[in-house]
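Participant: how would this look folded up:
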Amino acid sequence: MNAIRKHFPILNIQNRGKELVYLDNAATSLTPNSVLDSINEHYTSYRASVHRSVFELGEIVTNKYEESRNNIAQYIGAKPNSIIFTKNATESLNLVADAWGYENLKKNDTILLTNMEHHSNIIPWQVIAKKTGAILRYIFFDKNGELNLNEIENELKKGVKVLSVTHASNVLGTINPIKEICALAHQYNTLVCVDGCQSTPHLRIDVSDLDCDFFAFSGHKMLGPTGIGVLYAKEEILNRMSPYQTGGGMINDVGLYDSEWTDIPHKFEPGSPMTAQVIGLSSAVNFLKEIDWESNHGIAEYVIKKLREINGIEIYGQPKERTPIVSFNIQNIHSLDLAHLLDYEGITIRSGHMCCKPLMDTLKISGCARASFYFYNTFEEADFFVEKLKKSINILL
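Facilitator: Residues are numbered from 1 along each chain as shown. Prediction:
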């Protein structure tokens, strides 16, 4: 474990004068030296415009950029032409809702979502539904925080144009059976859009095996820099879609009154691209390829077992398969107060509604506390977290 942690320089800093225990990985992961070095190398060794220059630096940076696309595509089992770079998964989901939805949804068509979705996979669909007259319907998770495939099929039988669903919940930790959901949806000619923000950092993703139509994720949750997201979509779908945004770099020809788009994937990447971020994400992918994915296997279950010994605690979500996320509340204590006290012990956790207000409404809570772990977290940190949580509870009650 120390061999892994040495790659992350921020783990050497202090938080409020205490040794940092970083447990907000579901929001943003930490960044290893190799990613930082790759970004710095871009700025110091081949800083130039991508796709626009015939001089040597321009050729180098263009090759690095497209090599990064190839690497990221290979990592998730996709073809390079199916990979669109965006600024984050939120933009990726907006691209699908707007560019695909505006041309393919009409009045009374059904968009099917779940009540465990992040706001980024709800609001874009709300907006496009209002623009097109489409109807939103929802599947609700059960008492364990899981989706019922029979309920999904019952909705699909009624006719659904698109199902947009998270691969893993950022509150409950639930890993949804996306491969089975996609197979079921395609039986009823329904397209499937997957929010992969919480799954891609923790699972080996193969979009070809999942057979999803769209898959979105963000770099900053999987060791990469901020400001970079990815949208995978099947090539035949992308070829039929119009651009979400327009400008330089995504055209074959421009006239005074009309323009002609270039081919995918560049048709969806107008303007100067996020070159350093793309190269940084490719470096993060290389790091993830080499790590021991079992290094903190079971850490969430370990923490949950210890937390259950605390009086007045409620833990949200008991799925059969989960990511290392633990969300909870303590009776008569606000989650924000817990987060503040733990902060002064050097421990960073999240508090609030987690950008999942409909999920919170379903649970009949305004918010909760969340500790989320990654492979560089240790069981010693888990014990320390539980110890200081108990101390904080004693202070607040």
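
Participant: Enumerate the strands of the stretch 101-250 of the chain by residue range, in sequence order.
Facilitator: Counting by DSSP state E, counting those that start in this stretch, the stretch 101-250 of the chain has these strands, from start to end: 110-114, 135-139, 162-166, 191-195, 214-218, 229-233.

Participant: Turn those strands into a markdown table, including mean neighbour count.
Facilitator: The way it works is simple: take the backbone N, C-alpha and C, and place the C-beta from them, glycine included. Output for the strands of the stretch 101-250 of the chain, formatted as a markdown table (neighbours: other Cβ atoms under 10 Å):
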| stretch | mean neighbour count |
| --- | --- |
| strand 110-114 | 22 |
| strand 135-139 | 15 |
| strand 162-166 | 25 |
| strand 191-195 | 25 |
| strand 214-218 | 29 |
| strand 229-233 | 28 |
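
Participant: would you list the ones you listed in CSV and tack on distance to Ser283 and mean pLDDT?
Facilitator: Shown next, in CSV, are the strands of the stretch 101-250 of the chain (distance: least, Cβ to Cβ, whole Å; pLDDT from 0 to 100):
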stretch, distance to Ser283, mean pLDDT
strand 110-114, 33, 98
strand 135-139, 37, 98
strand 162-166, 26, 98
strand 191-195, 24, 98
strand 214-218, 16, 98
strand 229-233, 14, 98
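
Participant: Export the ones you listed as JSON lines, with columns for distance to Ser49.
Facilitator: As requested, the strands of the stretch 101-250 of the chain are exported to JSON lines (distance: least, Cβ to Cβ, whole Å):
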{"stretch": "strand 110-114", "distance to Ser49": "38"}
{"stretch": "strand 135-139", "distance to Ser49": "41"}
{"stretch": "strand 162-166", "distance to Ser49": "35"}
{"stretch": "strand 191-195", "distance to Ser49": "32"}
{"stretch": "strand 214-218", "distance to Ser49": "25"}
{"stretch": "strand 229-233", "distance to Ser49": "21"}
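
Participant: nearest to Arg47, of those?
Facilitator: strand 229-233 (22.4 Å; Cβ to Cβ).

Participant: so what secondary structure elements neighbour the closest one?
Facilitator: strand 83-86, helix 89-95, strand 214-218 (3 or more Cβ pairs under 8 Å, 6 or more residues apart in numbering; DSSP states H and E).

Participant: and for that strand, what are the contacting residues?
Facilitator: Counting contacts by Cβ atoms under 8 Å, 6 or more residues apart in numbering, the residues outside strand 229-233 that touch it are 72-73, 76, 78, 82-92, 95-96, 207, 212-219, 241, 268, 281.
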